[in-house]
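J.: Here's my sequence, what's the structure:
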Amino acid sequence: MKKLKLYILAIAICSFASCADELDLAPLDRVTPDTFYKTRADFDGAIFASYSSLQDFYGTSTETLGETGEYWKISMIITDDAEVDANSPDTKTRAADNLQVTSVDVAFQAVFGEIYEGILRANLVLENLDLENELTAEDKTVLNAEAKFLRAFYHFQALKLFGEGAPIAAEVGKDLANLALPNAEPGALYTQILADFGEAAAGLPEQWDGGNTGRATAWAAKSFIGKVNVFKKDWPAAITAIADVVDNGPYSLVPNYDDVFAYNNENNSESIFEIQYGGPFSDDNIWVFDDNHSENFKGSQGSGRAWYWDPANGAPAQAQGWFIPSQDLVDAYDADDPRRTAMVYQEGETYYKISPGGVLNAIPYDPTWSSNGLSIKKYRGETNMVPANYSPNGVGDFNNERWFRFAELKLLYAEALILGGGNTAVAVQQIQDIRDRAGVATPMDPDPLTAMMNEKRLEMAFEPHRWFDIVRWDLGPTIFGSDWDPKLVVFPFPQSEIDRAGGILDQNTGY
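T.: Numbers count the residues shown, from 1 in each chain. Below you'll find the predicted structure:
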């Protein structure tokens, strides 16, 4: 899909409780639902628009809420793996780093909006499948399954962030006076997610042709069924689903850990689901790398990693250096674990950075560039320093986000086996496979559960998982001590959505 043009629908798309004031606008380019949903290309474009909402999780925009890579703040910076550089002026992220979370935080407004925007875009596809169009029966089966996959995917993100009370949006709202949705009943969100992923697994192809690389597959849906059941703690269902993928699926670990995140190795054998970014044809401006900006209707989406992650304070080329690794994470690696070098820049290493015009800098890393002498190297490093991975000014990059990897699925399998009373030897082997691939010779912890938890952190650092593992495993008090607040097991619904809902949507406890 990365090689396809991303068609962003020029129709009024917004969160479920805030559309009424927008619907009197003339549709851009005179595209309307009545004239658009006709051909397979139209429906593919509509599906790509739903994928596009996920790209926006990390978007930057000064025209809406003032987003600055919000999802990193509530999935990475808030954890014990990363922190805000002491020199950063970003007080919003510093608050999250200090576990100071409120219902008016931009991060929750932005991500909530993107989640339900993605759901709406999937629902629009579903709504139009059976109307007058040129689709074949096979087209309809596949598009229905893909839209159900995306709807399930976004509802799962809502569940992880906001808990089981996150609203279920199973159709496109029509009554402008009643667009708001209530909290889901206990258990209903899991039921909805698993039903949609089940339809996706039954209707999606096992693989796409080369021109559609990156689109969801039946094996990806089966993998998510396993993961959702791990979160649900339905161990038998999780074991059954994941065992099928591990034993029969198409995935395998990439031999070299660092290669998993190389720009020239996107959608590799380990990839279950990735955020597909554009490039290298994109603009310089990271403020238009999402569809929250007036210049958004183009396939030019990328990531602001180079802007937010790369060091500042005298380091070469432009960057902000806001997000840095924690010393605690560095200390968690065994001395012989090569992943530490793959994850983090520190004194004594060579630092690589693309300057405007595609000039490569390769110089000794200076610890004064960061307030704790560390900078993030994952997704960076020498293998990713190619001009095609960067916007011309060097502040945006286009390497896909590896959202769900086979390595994680193997560790979820181990978790389900250990906690579900399954075959412990098989669980231990999943963990050992990850360590062997990394090249770690130090024996793992003799307790399988501890070994699994440790390995998940070390393997998946700076990916969007650690916070949700901390919550699921009840590690908050252990990691954060007296700073931990039990309400943090779920995040607050945005106050703006509570207000728009007019009493229909109840806030999570403690907010």
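
J.: doesn't Gly203 make contact with Thr141?
T.: Yes - contact criterion CB atoms under 8 Å: Thr141 and Gly203 qualify, at 5.0 Å. For the C-beta atoms, the positions are set from N, CA and C on the backbone; glycine is no exception.

J.: Count the neighbours of the nearest residue to Asp310 once chain neighbours are set aside for me.
T.: Distances taken as CB to CB, 6 or more residues apart in numbering place Ala319 nearest to Asp310, at 3.7 Å, with adjacent residues excluded. Using other CB atoms under 10 Å, Ala319 has 22 neighbouring residues.

J.: Can you give me the distance of Ala319 to Ile363?
T.: 14 Å (CB to CB, to the nearest Å).

J.: Same question for Gln55.
T.: Taken as CB to CB, the span from Gln55 to Ile363 is 32 Å.

J.: Also Ala200?
T.: Computed with CB to CB, the distance linking Ala200 and Ile363 is 47 Å.

J.: cool, Ala96 as well?
T.: 32 Å.

J.: With neighbour numbers in mind, choose between those two.
T.: Taking neighbours as other CB under 10 Å, Ala96 and Ile363 compare with Ala96 leading, 22 against 11.

J.: Could you give the number of residues near Glu349?
T.: 14.

J.: list the contacts for it?
T.: By CB atoms under 8 Å, 6 or more residues apart in numbering, the contact list for Glu349 reads Thr341, Pro364, Tyr365.

J.: Now the element after the longest helix out of those in the chain, going C-ward?
T.: The longest helix of the chain (DSSP state H) is helix 137-162. Using DSSP states H and E, the helix or strand that follows helix 137-162 in sequence is helix 188-203.

J.: contact partners of that next one?
T.: By CB under 8 Å, 6+ apart, helix 188-203 touches 141-142, 144-146, 148-149, 151-152, 155-156, 158-159, 164-166, 168, 170, 184, 216, 218, 221-222, 224-225, 228-229, 232.

J.: Which helix or which strand is home to the residue nearest the centre of the chain?
T.: Compute the mean C-alpha point of the chain, and by CA atoms, centre = their mean the closest residue is Trp403, 5.1 Å away. Using DSSP H and E, Trp403 sits in strand 401-405.

J.: Okay, angle between the helix or strand following that strand and strand 401-405 too, please.
T.: Moving toward the C-terminus from strand 401-405, the next helix or strand (DSSP H and E) is helix 406-419. Computed by axes from the mean of the first three to the mean of the last three CA atoms, to 10 degrees, the angle separating helix 406-419 from strand 401-405 equals 30 degrees.

J.: Distance from the chain centre to helix 406-419, please.
T.: 19 Å (CA atoms, centre = their mean, to the nearest Å).

J.: Buried residues of the helix or strand that it is followed by, list them for me.
T.: Downstream of helix 406-419, the first helix or strand assigned by DSSP H and E is helix 424-438. Buried residues in helix 424-438, counted by 16 or more other CB atoms under 10 Å: Ala427, Val428, Gln430, Ile431, Gln432, Asp433, Ile434, Arg435, Arg437, Ala438.

J.: What are the contacting residues of helix 424-438?
T.: 246, 253-255, 257, 337-339, 407, 410-411, 413-415, 417-418, 444, 448, 451-452, 455, 459.

J.: can you do 6 Å?
T.: 253, 257, 339, 407, 410, 413-414, 417-418, 448, 451-452, 455, 459 (CB atoms under 6 Å, 6 or more residues apart in numbering).

J.: Stretch 392-406 too?
T.: With CB under 6 Å, 6+ apart, stretch 392-406 has contacts from 251, 263, 266, 270, 272-279, 284, 286, 302-303, 305-307, 317-318, 354-356, 379, 389-390.

J.: filter the residues you listed to the buried ones?
T.: The buried subset of the contacts of stretch 392-406 (16+ other CB under 10 Å) comprises 251, 263, 266, 270, 272-279, 286, 302-303, 305-307, 317, 354, 379, 389-390.

J.: could you give the mean pLDDT of the longest helix of the chain?
T.: Mean pLDDT, computed over helix 137-162, is 98.

J.: so how far is it off the chain centroid?
T.: Worked out by CA atoms, centre = their mean, helix 137-162 lies 15 Å from the chain centre.

J.: How about stretch 449-463?
T.: On CA atoms, centre = their mean, the centre of stretch 449-463 falls 17 Å from that of its chain.

J.: can you pull the buried residues of it?
T.: Buried residues in stretch 449-463 (16+ other CB under 10 Å): 451-463.

J.: would you list those in a markdown table and tack on secondary structure?
T.: Shown next, in a markdown table, are these (DSSP: H, G, I helix; E, B strand; the rest coil):
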| residue | secondary structure |
| --- | --- |
| Ala451 | helix |
| Met452 | helix |
| Met453 | helix |
| Asn454 | helix |
| Glu455 | helix |
| Lys456 | helix |
| Arg457 | helix |
| Leu458 | helix |
| Glu459 | helix |
| Met460 | helix |
| Ala461 | coil |
| Phe462 | coil |
| Glu463 | coil |
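
J.: quick one: Asp310 from Tyr351, how far?
T.: 9 Å.

J.: For these two, indicate the residue with more neighbours.
T.: The neighbour comparison of Asp310 against Tyr351 (other CB under 10 Å) goes to Asp310, with 29 against 21.

J.: Lowest average confidence across helices and strands of this structure, where is it?
T.: The weakest-scoring helix or strand in the chain, judged by mean pLDDT, DSSP states H and E, is helix 33-36 (a mean of 78).

J.: Ramachandran coordinates for Thr368?
T.: phi -70, psi -10 (degrees, to the nearest 10).

J.: Now do it, the pLDDT please.
T.: 97.

J.: what do you get for the one 5 residues further on?
T.: Per-residue pLDDT puts Gly373 at 98.

J.: In three-state terms, label it for me.
T.: Strictly by three-state DSSP, Gly373 counts as coil.

J.: give the contact list for it.
T.: Contacts of Gly373 (CB under 6 Å, 6+ apart): Pro367.

J.: go again using 7 Å as the cut-off
T.: Neighbour list for Gly373: Gln346, Glu347, Pro367 [criterion: CB atoms under 7 Å, 6 or more residues apart in numbering].

J.: Check Met453 too.
T.: Trp473.

J.: now swap in the one 4 residues further on and tell me
T.: Listed by CB under 7 Å, 6+ apart, the contact set of Arg457 reads Ala332, Arg466.

J.: ok, now with 8 Å
T.: Asp81, Leu329, Ala332, Arg466, Asp469.

J.: most neighbours, which of these?
T.: That'd be Asp81 among these, by other CB under 10 Å, with 25 neighbours.

J.: And the pLDDT at that residue?
T.: 98.

J.: Next: Gly481.
T.: pLDDT, read off for Gly481, is 97.

J.: Please apply the same query to Leu409.
T.: 98.

J.: got it, and Val386?
T.: pLDDT, read off for Val386, is 89.

J.: so what's it closest to, chain neighbours aside?
T.: Tyr263 (6.1 Å).

J.: Low-confidence regions, this protein specifically.
T.: 1-33, 280-284, 295-300 (pLDDT under 70).

J.: Return the residue of the chain that is most distant from the centre.
T.: Most peripheral residue of the chain (CA atoms, centre = their mean): Glu132, 34.7 Å.

J.: mind checking how far that one is from Tyr37?
T.: Counting by CB to CB, the gap from Glu132 to Tyr37 is 9 Å.

J.: Cool, thanks, talk later.
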